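A.B. asks: Build me a model from this:
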Amino acid sequence: MRALTWQGTEKVSVETVPDPTIHEPTDAIVRITSTAICGSDLHLYRVLGPYIDRGDVLGHEPMGIVEAVGSAVTNLKVGDRVVVPFNISCGHCWMCQRGLQSQCETTQVTEYGSGAALFGYTKMYGQVPGGQAEYLRVPHADYGPIVIPDDGTPDDRWLFLSDILPTAWQAVQYADVPEGGTLAVLGLGPVGQFAARIGRHLGYRVLAVDPEQVRRDLGSRHDVETFDLTKDLVAQLVDLTDGRGPDGVVDAVGMEAHGNPLAGFAQRAAGLLPDALAQKAIGTAGVDRLAAVHAAIDLVRRGGTVSLSGVYGGMADPMPMMTLFDKQITVREGQCNVKRWIDDIMPLVSDPADPLGTLDLVTHRVPLEDAPHMYEVFQKKQDGCVKVVLEPATA
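C.D. replies: Sure thing, here's the model as predicted:
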């Protein structure tokens, strides 16, 4: 089959690799019809190469048609249309039973002290071949895949259940905004777009920030108040909230944030070191650009909540602990527990009115073979790129 593979820092290519096969009775094989490029994939593209081997298949936002199932899989049948969540969880361990599927004790990567295994995402998360490919082996298919209607509706209506829609839903839930309150969203990439729309759906006033006009325009289409990233941004938004600040702030940016050239240099330098040294540098040094999280802490009202959905990779990044304590701020974060939120989200995704705008996010839809070019376009925010969907050319 053809698959998008990692070949080096800022270098990916589509190669012919062996077709996946059933390894365990709980496996399934899915023929991929749509698979998206995630902002987290850009971390692999540039920063986290020390944890990847040349030839690893990337991608963790896939959906498609079930082609084969293992003997223990009774919830799926050949021909089912499914979305595959990005975290691989068993559904029956202590963590899964408590809605913490991202911490699944069956698939935890204990070698690296990490949570549940993920598709297409480094040795730290199991080095499981990903979904930017024609076919995907799905472990724990007796629990993970989400069966969706095979009714002719476009993939875009359902595809984002794999990651960014439940990630945004969790981010907003974690922000703990009171009824009729104000939510700020930092970053209007795909997760930020959905977080802002979810906030509006839940009846909040939403103030969203992004330096890219095309992303602000997309947010404005969904009744979101949008703002450029300016030096007086915090003061501006505090003034709009009776001088207190928003009740909750979602940081939908993470370590790709602009504003810290030193951290940007650290990211590039770490990617050039031999793997063992680079892993140590990433694990013990501050390699993140913390502009967004610092802004969130400054912005949120006293007694409010900062919800981090953006990924941070460094282990020694400085945090303003005095401000967190003085303002009595709650901080919630973590890898999304996809299956926990599906029952809440599915009625909205199924609604023909499309209240969360799942059909108004994709800016680029291209064949899988064009993936290397689109990684560069997405990273550099060229051509108005907000969300890329790849289409494998499978029959």
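
A.B. asks: and the gap between Val224 and Leu136?
C.D. replies: As judged by Cβ to Cβ, to the nearest Å, Val224 and Leu136 stand 34 Å apart. All C-beta spots, glycine's among them, are computed from the backbone N, C-alpha and C.

A.B. asks: out of the two, which sits in the more crowded spot?
C.D. replies: Leu136 (29 against 23; other Cβ atoms under 10 Å).

A.B. asks: helices and strands around the helix or strand hosting the more buried one, which ones?
C.D. replies: Taking DSSP states H and E as the definition, one finds Leu136 inside strand 135-138. For strand 135-138, the packing partners by 3 or more Cβ pairs under 8 Å, 6 or more residues apart in numbering; DSSP states H and E come out as strand 28-37, strand 62-69.

A.B. asks: And the strands in the stretch 151-300 of the chain?
C.D. replies: Assigned by DSSP state E, counting those that start in this stretch, the strands in the stretch 151-300 of the chain fall at 182-186, 205-209, 225-227, 248-251.

A.B. asks: Turn those into CSV, including distance to Glu333 and mean neighbour count.
C.D. replies: Shown next, in CSV, are those (distance: least, Cβ to Cβ, whole Å; neighbours: other Cβ atoms under 10 Å):
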stretch, distance to Glu333, mean neighbour count
strand 182-186, 13, 31
strand 205-209, 19, 25
strand 225-227, 23, 19
strand 248-251, 8, 31
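
A.B. asks: can you put the ones you listed in CSV and add distance to Met95 and mean pLDDT?
C.D. replies: Output for the strands of the stretch 151-300 of the chain, formatted as CSV (distance: least, Cβ to Cβ, whole Å; pLDDT from 0 to 100):
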stretch, distance to Met95, mean pLDDT
strand 182-186, 28, 97
strand 205-209, 32, 98
strand 225-227, 37, 98
strand 248-251, 24, 96
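
A.B. asks: okay, these in JSON lines with distance to Gly115 next?
C.D. replies: Below are the strands of the stretch 151-300 of the chain laid out as JSON lines (distance: least, Cβ to Cβ, whole Å):
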{"stretch": "strand 182-186", "distance to Gly115": "24"}
{"stretch": "strand 205-209", "distance to Gly115": "29"}
{"stretch": "strand 225-227", "distance to Gly115": "33"}
{"stretch": "strand 248-251", "distance to Gly115": "19"}
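
A.B. asks: Quick one: closest of those strands to Phe119.
C.D. replies: Shortest distance between Phe119 and the strands of the stretch 151-300 of the chain, using Cβ to Cβ, is found for strand 248-251: 23.9 Å.

A.B. asks: mind listing what the closest one pairs with, with the direction of each?
C.D. replies: As defined by DSSP bridges, the strand partners of strand 248-251 come to strand 182-186 (parallel), strand 305-308 (parallel).

A.B. asks: Distance to Asp217 for those - can I get that in TSV?
C.D. replies: Shown next, in TSV, are the strands paired with strand 248-251 (distance: least, Cβ to Cβ, whole Å):
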stretch	distance to Asp217
strand 182-186	15
strand 305-308	24
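
A.B. asks: Tell me the pLDDT of Gly254.
C.D. replies: As predicted, Gly254 sits at a pLDDT of 68.

A.B. asks: if you average pLDDT over stretch 28-35, what comes out?
C.D. replies: For stretch 28-35, the mean per-residue pLDDT is 98.

A.B. asks: Please shift the residue numbers so they start at 12 in all later answers.
C.D. replies: Happy to do that; since the first residue is 12 now, the last one works out to stretch 39-46.

A.B. asks: Send over the host helix or strand of Val360 as PDB, restricted to the C-alpha atoms.
C.D. replies: Assessed by DSSP H and E, Val360 sits inside helix 349-361. Extracted in PDB, the C-alpha atoms of helix 349-361 (Å, rounded to 0.1, in the frame of the first residue of the first chain):
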ATOM      1  CA  VAL A 349     -12.000  10.600  22.700                       C
ATOM      2  CA  LYS A 350     -14.600   7.900  23.600                       C
ATOM      3  CA  ARG A 351     -15.600   9.800  26.800                       C
ATOM      4  CA  TRP A 352     -17.200  12.600  24.800                       C
ATOM      5  CA  ILE A 353     -18.700  10.800  21.700                       C
ATOM      6  CA  ASP A 354     -22.200  10.400  23.200                       C
ATOM      7  CA  ASP A 355     -22.300  14.100  23.800                       C
ATOM      8  CA  ILE A 356     -21.000  15.100  20.400                       C
ATOM      9  CA  MET A 357     -22.700  12.600  18.100                       C
ATOM     10  CA  PRO A 358     -26.200  14.200  18.200                       C
ATOM     11  CA  LEU A 359     -24.600  17.500  17.100                       C
ATOM     12  CA  VAL A 360     -22.600  15.900  14.300                       C
ATOM     13  CA  SER A 361     -25.600  13.900  13.100                       C
END
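
A.B. asks: Return the helix or strand in the protein with minimum mean pLDDT.
C.D. replies: Every helix and strand of the chain was ranked by mean pLDDT, DSSP states H and E. The lowest is helix 272-283, at a mean of 45.
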